[in-house]
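Participant: Here is my input, please return the structure:
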Amino acid sequence: MLNTVVIIPTYNEIENIEAIIKAVFSQSTTIHILVVDDNSPDLTALKVKALQNVFTGKLFLEVRKEKAGLGTAYIHGFKWCIAKGYDYIFEMDADFSHDPKDVLKLYNACHIEGADMAIGSRYATGVNVVNWPMSRVLMSYWASKYVRLITGMKIHDTTAGFICYKRCVLEAIDLDAVKFIGYAFQIEMKFKTYLKKFKIVEVPVIFTDRTRGESKLSSGIISEAIFGVISMKLKSLFKK
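Facilitator: This next block holds a predicted model:
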């Protein structure tokens, strides 16, 4: 997995960060990790700094001034990774909802099978979600159906946050023009990739809800996604 980096955004992930870093590194001797921390009050960044002494030259840390949203954290990370010349750039949560063992599956989908974006999909082969209440499963599942209907994308898991990008995708997207910062960020990035006619594939994975730490999902983030999708689609039509 040469020239591969996994971006892990963090805010108060002290309970998970060491374990997830070690789990990702156990998948490959050549993989790198970039943690983008939003100045976590629980001192997540200090734990990462300590681990940098163990994983010298493979573990990197960017600390931002304050919590500013998942989307902006990833945009910060994307720009850093592009500047460093990585060819395969991952999005991945810190809470083990994304299984580090699936990193290789997504990488192979891009590196061997020719995809430009590989999505770790919960819904490509039914519903593969563990430990979520039924209300959360239904909300996520139907949200993806709704986005698929509005945008026309043939993607089953439009809100997935476990993704491998080829660098060319991120270079082709105007990252400064990405509007959404929460739940809708994942939708927007897939839509922009779709509009650029890159090859998108879904790789079936099992999503397991976090067992430690707190979810960052809020009603405001959900609202942004619901109404933002319509706005995003309309703007794409006007551009045409």
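Participant: could you pull out the helices for this structure?
Facilitator: Here the chain has its helices, by DSSP state H, at 17-25, 44-52, 70-84, 103-111, 134-151, 167-172, 183-195, 219-239.
Participant: Could you pull out the buried residues of the first one?
Facilitator: Right, the one you point to is helix 17-25. 17, 18, 20, 21, 24, 25 (16 or more other Cβ atoms under 10 Å). From N, CA and C alone the C-beta is placed, and that goes for glycine too.
Participant: In terms of secondary structure, what does it contact?
Facilitator: strand 4-10, strand 32-37, helix 44-52 (3 or more Cβ pairs under 8 Å, 6 or more residues apart in numbering; DSSP states H and E).
Participant: and residue 164, what is it in contact with?
Facilitator: 88, 89, 90, 103, 106, 107, 109, 110, 115, 117, 118 (Cβ atoms under 8 Å, 6 or more residues apart in numbering).
Participant: what do you get for residue 175?
Facilitator: 75, 78, 79.
Participant: Report the separation between it and residue 48.
Facilitator: As for residue 175, its distance to residue 48 is 24 Å (criterion: Cβ to Cβ, to the nearest Å).
Participant: What of residue 78?
Facilitator: Distance of residue 78 to residue 48, given as Cβ to Cβ: 19 Å.
Participant: Need the distance between the two termini of stretch 146-155.
Facilitator: In stretch 146-155, first residue to last residue: 11 Å (Cα to Cα, to the nearest Å).
Participant: Equivalent analysis for stretch 92-101, please.
Facilitator: First-to-last residue span, stretch 92-101, Cα to Cα: 12 Å.
Participant: next one: stretch 90-103
Facilitator: 8 Å.
Participant: what about the nearest residue to residue 78 once chain neighbours are set aside, how many residues close to it?
Facilitator: Nearest residue to residue 78 in three dimensions, chain neighbours excluded: residue 170, at 5.1 Å (Cβ to Cβ, 6 or more residues apart in numbering). Residue crowding around residue 170 was assessed by other Cβ atoms under 10 Å; the count is 21.
Participant: and residue 170, what is it in contact with?
Facilitator: Contact analysis of residue 170 by Cβ under 8 Å, 6+ apart lists 78, 81, 82, 89.
Participant: Relative to residue 208, how far out is it?
Facilitator: 27 Å.
Participant: check contacts around the nearest residue to residue 49 once chain neighbours are set aside.
Facilitator: Distances taken as Cβ to Cβ, 6+ apart put residue 61 closest to residue 49, at 6.3 Å, once the chain neighbours are dropped. For residue 61, the contact set (Cβ under 8 Å, 6+ apart) comprises 34, 35, 37, 45, 48, 49, 52.
Participant: Tell me the most packed of those residues, by neighbour count.
Facilitator: residue 35 (28 neighbours).
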